[in-house]
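# Model the following, please.
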Amino acid sequence: MRVNFGVDPKSLQDFLDACERAEGDIGREMRATLREVGEVVRVRGAALAAAKHGKTAAGYRTKVRARGVAVEQTLGKTTGDRPEWGVWQMRHALVPALRASESQIDREFEEAANEVATRFERG
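Residues are numbered from 1 along each chain as shown. A predicted model of the protein is given here:
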């Protein structure tokens with residue numbers, strides 16, 4: 001289960017590819033920024049899930065991939081007796097955390113993209 005956020009996956013993939021091809025460690029810095037942005041959602045989602053089940057909240061992890069940033073549940077099924085549990089996590093923890101964080105995500109991503117653009121321009 002994952003919540004993806006940010007920009008269009010193809011545009012983000014192209015942007016990250018350009019950062020990786022740039023001189024210096026722009027690509028590494030951009031991925032670190034994306035991870036920080038993902039952490040905002042993970043922390044909020046974990047806080048919402050902890051009220052219902054603390055172990056579930058502890059399993060959320062932020063992943064940065066070529067196609068975007070995702071907050072995922074890394075814990076596997078325990079018994080399989082609650083097939084609706086993943087739906088509950090999405091509806092009551094991860095999606096609300098994403099919606100509550102949208103303006104902060106947009107702002108931080110825009111700042112990071114502007115920093116990268118400035119570094120590209122400087123050469």
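
# contacting residues around the nearest residue to His92 once chain neighbours are set aside?
Spatial nearest neighbour of His92, chain neighbours left out: Leu48 (6.3 Å); criterion: CB to CB, 6 or more residues apart in numbering. (Each C-beta comes from the backbone N, C-alpha and C, glycine too.) Contacts for Leu48 (CB atoms under 8 Å, 6 or more residues apart in numbering) come out as 92-93, 96-97.

# which element is the closest residue to Met30 other than its chain neighbours on?
Nearest non-adjacent residue to Met30, counting by CB to CB, 6+ apart: Cys19, 4.5 Å away. Taking DSSP states H and E as the criterion, Cys19 maps to helix 9-21.

# Now do the phi/psi pair for Lys63.
phi -120, psi 130 (degrees, to the nearest 10).

# In three-state terms, how would the closest residue to it other than its chain neighbours be classified?
Spatial nearest neighbour of Lys63, excluding adjacent residues (CB to CB, 6+ apart): Ala70 at 4.9 Å. Under DSSP: H, G, I helix; E, B strand; the rest coil, Ala70 falls in the strand class.

# What about Arg44, how many residues nearby?
Arg44: 21 surrounding residues under other CB atoms under 10 Å.

# Next, it: secondary structure please.
Of the three states, Arg44 takes helix under three-state DSSP.

# Would you map the helices across this protein?
Ranges of helices in the chain, per DSSP state H, are 9-21, 26-50, 54-58, 85-89, 95-122.

# Thank you, goodbye.
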